[in-house]
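1. kindly return the folded structure for what I paste below:
(chains A, B and C)
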Amino acid sequence: MLKIEQVTKIFGGLKALSDISFSLAAGEITGIIGPNGAGKTTLFNVITGIYSPSSGRVFYEGKDITGFPPEKLARLSMVRTFQGIELFGQMTVLENVMVGLHTKSHSGIIASALKLPGHLREERRIRERASYWLEFTGIIDLATTEAANLPFGKGRLLEIARAMAIEPYIILMDEPAAGLNSRETSDLAELIKKIKDAGVTVALVEHDMELVMEICSRIIVLNLGHKIAEGTPREIQENEKVITAYLGED
Amino acid sequence: MKKEMLKFFIFATIIIIAPVFIKGGYLMNVLIFVGIYTILAVALNLLLGLAGQISLGQAAFFGLGAYLSGVLTATYTVNPWLSMVIAFVTVGVIAFIIGFPILKLRGHYLAMATLGMGIIVYIVFNETVDLTGGPSGLSGIPRLSIGGMIFDSDLKSYYLVWFFTIVVILLSINLASSRIGRALRAIHDSEVAARIMGVNARLLKVEIFTCSGMFSALAGSLYAHTVTFISPTSFGFNVSIELLTMVIVGGLGSIYGSFLGAAILTLLPEFFRAFQDYDIIVYGITLIVITMFMPGGLVRGVPFMVLSMYNKLRPASGSSGEGG
Amino acid sequence: MEIFEQILQYTFSGLSTGAIYALIGLGFAIIYNSTSIINFAQGEFVMLGGMLTLFFHITLHISLPFAIVLAILVSTAVGSLFERLAISPLKDAEPIILVIITIGGSILIRGIAMILWGKDTYALPMFSGSEPIVLWGATIMPQNLWIFGITLIIIMANRFFFYHSIIGKAMRACAFNRVASSLVGIDVKHMVFFSFAVSSAMGAAAGIIIAPLTMTSYDVGIMLGLKGFCAAIIGGMSTGIGTVAGGLIVGILESLGAGLISSGYKDAIAFIILLLILFIRPQGLFVKGEAERV
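-> As a prediction, this is how the structure comes out:
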């Protein structure tokens, strides 16, 4: 479903990613782990079009999407969430999710300015769908709150609701559990499983090992820009290279 | 939605019946300019308040609209309405073309680039003397007319200008609360997240820049046909700063706030002659003070202040509810 | 041969104004490097330098050298005050807010100058007389030599300061990494303050040495500021040779263009250069590598 082929990313003198290759199967939850500085977020940035790789290719549903900008990938139903949540702070929770429906709607400037009937119908539909996703993530009661005023945990859920509004085939989550307490983390695990059951492929960068081992069917391990292991949670837990990578860092 | 329409309806009604209560011809004349500057302030607010893109060169589009209308009608005797449409579309094309390279820039760089653009256009107005009359200006611009009626009195010009102002306000309010408005505000808050959601930020920024430029050109044409004389000084860098101050004073993102800002900054110099000499200082202080202490502008700041004073003066009775 | 002499003439005057743009540009770069702010008000310090010197020398009858020193001190004080009152409280705000604050500051300073000194243009006396010097068929004024000399001294002092003094190195550290700098004990707030102080002093100096040649008035700040900004952009906001080269390039091109093509469009030349650089290579001509896409 998603295939990374020998992706390398160099920033000035720093080789953030070296020759990374792996595949993600559709409908699975795949975890990407590794010590700090391993290049996990850089990898996501390359896949989701925020960076172009220095070399290598990215294939999505068989199509070469290397270097496609984020807005184009959204129309191909790929979405991501960010490590430090990037909410639209000055808009309400509902409005944030409504932006997620941007690719599912098409009123342009003229139709919007003139409030043409087609536009009005579309607005109603957008509102309904946005409310659905707020219920899906359990934050419908916060619909009219300004996003900047949300507590952190709810902000994470909003980001996920907004991403789901795209009705993605694949969602890439960058450290979704960061900053969450243990109750919020187990709620998150349930939510991610719910997303998978809805048929969405999930790729997850995470530091929370319990979460990763619990929900991921496959794990890829990076260290210092290299892929050092790939396998089931059990295999990874017993992999010597992985253990050294984590314990060996001073 | 209903609330928005009601607000607009009340606003439009007040504008329409206001002349009944205005005795002096002088005030009527000033209100015409309030109308023109409101269009300009709203246009800038769409760009700055909504999309978060700073432009210090709005006066360039204002001037282009005015000069295109002026030259076409005064020198080439083209029909004024047709000239207005030509000016509207031409400035739109110019804004669209220059929008692509200029809106790749952000923050300070964008501000400087738009400032440079504005000054270049101003210099062109001054130097193309054969076409524009240069620093001495262009006179003899005909007035607009429908059928046999010429818009030559203050009262008629008032309704002419404010018709367009009300239309621009309506279109802008609609835009702000629409899918496009949300996309623009998303770009303002987090351009990268907006793009991840599929918003074509680059194109949308150029589109709103073009829209803003076209509205400004419209204001320019109206200005040319109401005053019948134009010169480059009305379209210089100082005007761009005045417009910026109007938008800030009224409140970024608030369409009615832009009207308020335009009204205040157009009316004040008329009633306080001293203001005219010190206007630069007032703009400078106003920009700094409002930005530091009242970021929402008057439209949000005044109600907020009134509310907090009211809360402080009320006898303490139990707990107050959460704000929000 | 006449055209050659003309070109030489324009080149000399271009080098002269270019040196001024370089100084102003360095002012922009210094503040930008320690704060990521573009100080819109930079041009106003250039104006203040000239106007204050005039005020002290002509109105208060202070001798020229002392008037110059006083003017620089007062300009520096204004710059520092501006930083303390308007910049420091808002350092974490959105870029738009800072842009607007510095615009407001520039307007305010200009407005006060207008009230104090009116809208007339004034001429500062030349530092050492007005006998032109002839060089290979082109004439330069002694003032031009003052400009070259003083600019060179300021640039060398700058280089020494930033690369060989503790405070200067600390400021450069802040430019690279504010968090790391504060962790090793550098007081970032003080560095920001110093950068404003140094920039306003340099701006004032630039304004003083050019004033005898180009007249000065309350609104010279805008144009000079923008052109200095152009120099800084060409130089990639470097506090060294890049910006100096940028200033000279702008000055010479502007002078040649005005002389050979059209003088009415003289000011437009610098701004067209500015737009071209911002559109095509916003990281400057001398910096390697591309700006990141997002």
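2. quote the end-to-end distance of stretch B:43-61.
-> By CA to CA, to the nearest Å, the extent of stretch B:43-61 from end to end equals 11 Å.
3. quick one: pLDDT of residue 166?
-> You didn't say which chain, so I picked chain A. pLDDT for A:Ile166: 93.
4. that's the wrong chain, I wanted chain C
-> If you check C:Ile166, the pLDDT there is 76.
5. what's the distance between the helix or strand bottoming out on mean pLDDT in chain A and the middle of its chain?
-> Within chain A, confidence by mean pLDDT, DSSP states H and E is lowest for helix A:240-247 among all helices and strands, at a mean of 77. How far helix A:240-247 lies from its chain's middle: 26 Å, per CA atoms, centre = their mean, to the nearest Å.
6. elements contacting the helix or strand containing A:Ala74?
-> Using DSSP states H and E, A:Ala74 maps to helix A:70-75. Using 3 or more CB pairs under 8 Å, 6 or more residues apart in numbering or on different chains; DSSP states H and E, the elements in contact with helix A:70-75 are helix B:191-196. Every residue, glycine included, has its C-beta placed from N, CA and C.
7. name the residues that touch stretch A:212-226?
-> Under the criterion CB atoms under 8 Å, 6 or more residues apart in numbering or on different chains, residues A:15-20, A:22, A:24-25, A:28-35, A:37-40, A:43, A:189, A:192-193, A:204, A:206, A:227-233, A:236-237, A:239, A:241-242, A:245 lie in contact with stretch A:212-226.
8. drop anything exposed from these.
-> Buried subset of the contacts of stretch A:212-226 (neighbour count, 16 or more other CB atoms under 10 Å in any protein chain shown): A:15-18, A:20, A:22, A:24, A:29-35, A:38-40, A:43, A:189, A:192, A:204, A:206, A:227-230, A:233, A:236, A:239, A:242, A:245.
9. let me know the distance separating the residue in chain A positioned nearest to chain C from chain B.
-> Proximity of chain A to chain C (CB to the nearest CB) peaks at A:Ile50, 5.2 Å away. Distance, A:Ile50 to chain B, using CB to the nearest CB, to the nearest Å: 7 Å.
10. mind listing what's buried in the helix holding A:Ala74?
-> A:Pro70, A:Glu71, A:Leu73, A:Ala74.
11. quick one: which two of those residues are the most distant?
-> Spatially, the most separated pair among the buried residues of helix A:70-75 is A:Glu71 and A:Leu73, at 7.3 Å (CB to CB).
12. what residues does stretch C:249-259 touch?
-> Applying CB under 8 Å, 6+ apart, the external contacts of stretch C:249-259 come out as C:6-7, C:9-11, C:13-22, C:227, C:230-231, C:234, C:265-266, C:269-270, C:273.
13. quick one, helices of chain A?
-> Ranges of helices within chain A are A:40-47, A:70-75, A:93-100, A:109-114, A:117-137, A:152-164, A:182-197, A:209-215, A:233-238, A:240-247, based on DSSP state H.
14. the stretch 1-150 of chain B too?
-> Per DSSP state H, counting those that start in this stretch, the stretch 1-150 of chain B carries helices over the ranges B:2-21, B:25-45, B:58-70, B:80-102, B:107-127, B:129-132.
15. run through who's touching the first one.
-> Okay, so that is helix B:2-21. Here helix B:2-21 has contacts from B:28, B:31, B:155, B:158-159, B:162, B:165-166, B:169-170, B:173, B:177, B:256, B:259, using CB under 8 Å, 6+ apart.
16. ok, 6 Å please
-> Contact with helix B:2-21 is made by B:Leu155, B:Trp162, B:Ile166, as judged by CB atoms under 6 Å, 6 or more residues apart in numbering or on different chains.
17. likewise the longest one?
-> Surrounding helix B:80-102, the residues in contact under the criterion CB under 6 Å, 6+ apart are B:61, B:64-65, B:68-69, B:72-73, B:113, B:142, B:144, B:206, B:209-210, B:213-214, B:217-218, B:221, C:279.
18. which residues of the chain score low on pLDDT?
-> Answering for chain A, as no chain was given. Scanning chain A for pLDDT under 70 picks out the ranges A:247-250.
19. the chain in question should be chain C.
-> For chain C, the ranges with pLDDT under 70 are C:1, C:175-179, C:287-294.
20. can you name the element that comes right after the strand or helix carrying C:Leu26?
-> Assigned by DSSP H and E, C:Leu26 belongs to helix C:2-35. Where DSSP H and E defines the elements, the next helix or strand beyond helix C:2-35 is helix C:42-54.
21. one step back: deepest of the helices of the stretch 1-150 of chain B, which one?
-> Of all the helices of the stretch 1-150 of chain B, helix B:58-70 carries the top mean neighbour count, a mean of 29, counting by mean count of other CB atoms under 10 Å in any protein chain shown.
22. for that helix, what is the average pLDDT?
-> For helix B:58-70, mean pLDDT is 95.
23. repeat that for stretch B:232-243.
-> Mean pLDDT, stretch B:232-243: 91.
24. measure it end to end?
-> With CA to CA, one end of stretch B:232-243 sits 16 Å from the other.
25. need the residues of chain A near chain B, please.
-> A:70-71, A:74-75, A:86, A:88-91, A:95, A:98-100, A:102-103, A:105, A:107, A:109, A:112-113, A:115 (CB under 6 Å from any CB of the partner chain).
26. give me the buried subset of the residues you listed.
-> Buried residues within those, defined by neighbour count using 16+ other CB under 10 Å: A:70-71, A:74, A:86, A:88-89, A:91, A:95, A:98-100, A:102-103, A:105, A:107, A:109, A:112-113, A:115.
27. can you pull the contacts of B:Leu175?
-> Going by CB under 6 Å, 6+ apart, B:Leu175 touches A:Ser112, A:Ala113, B:Gly181.
28. need the residues you listed in CSV with distance to chain C, can you?
-> Formatted as CSV, the contacts of B:Leu175 follow (distance: CB to the nearest CB, whole Å):
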residue, distance to chain C
A:Ser112, 24
A:Ala113, 24
B:Gly181, 18
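29. can you tell me which of those comes closest to A:Ser54?
-> Using CB to CB, B:Gly181 comes nearest to A:Ser54 of the contacts of B:Leu175, at 38.4 Å.
30. nearest spatial neighbour of C:Ile234, chain-adjacent residues omitted?
-> Nearest non-adjacent residue to C:Ile234, counting by CB to CB, 6 or more residues apart in numbering or on different chains: C:Gly246, 3.2 Å away.
31. I figured the one you found hits C:Gly236, correct?
-> No. Using CB atoms under 6 Å, C:Gly246 makes no contact with C:Gly236, being 8.3 Å away.
32. more neighbours: these two, which one.
-> Comparing C:Gly246 with C:Gly236 by neighbour count (other CB atoms under 10 Å in any protein chain shown), the higher total belongs to C:Gly246, at 32 against 19.
33. helix or strand for the more buried one, which one?
-> helix C:241-260.
34. and the angle for the helix or strand following that helix with helix C:241-260?
-> On the C-terminal side of helix C:241-260, the nearest following helix or strand under DSSP H and E is helix C:266-280. Here the directions of helix C:266-280 and helix C:241-260 differ by 140 degrees (axes from the mean of the first three to the mean of the last three CA atoms, to 10 degrees).
35. got the angle for helix C:266-280 vs helix C:2-35?
-> Interaxial angle of helix C:266-280 relative to helix C:2-35 (the same axes, to 10 degrees): 50 degrees.
36. the closest residue to C:Pro89 other than its chain neighbours - how many residues pack around it?
-> Counting by CB to CB, 6+ apart, B:Met292 is the residue found nearest to C:Pro89 once chain neighbours are left out, at 6.9 Å. Counted with other CB under 10 Å, the neighbours of B:Met292 add up to 17.
37. A:Asn36 now?
-> 7.
38. likewise C:Ser88?
-> 14.
39. got it, and the one 4 residues further on?
-> Taking other CB under 10 Å as the criterion, the count of residues near C:Asp92 is 7.
40. from chain A, how far out is it?
-> Using CB to the nearest CB, C:Asp92 is found at 14 Å from chain A.
41. B:Ser136 too?
-> 39 Å.
42. ok, C:Ile280 next?
-> For C:Ile280, the distance to chain A (CB to the nearest CB) stands at 20 Å.
43. show the contacting residues for that residue.
-> C:Ile280 neighbours (CB under 6 Å, 6+ apart): none.
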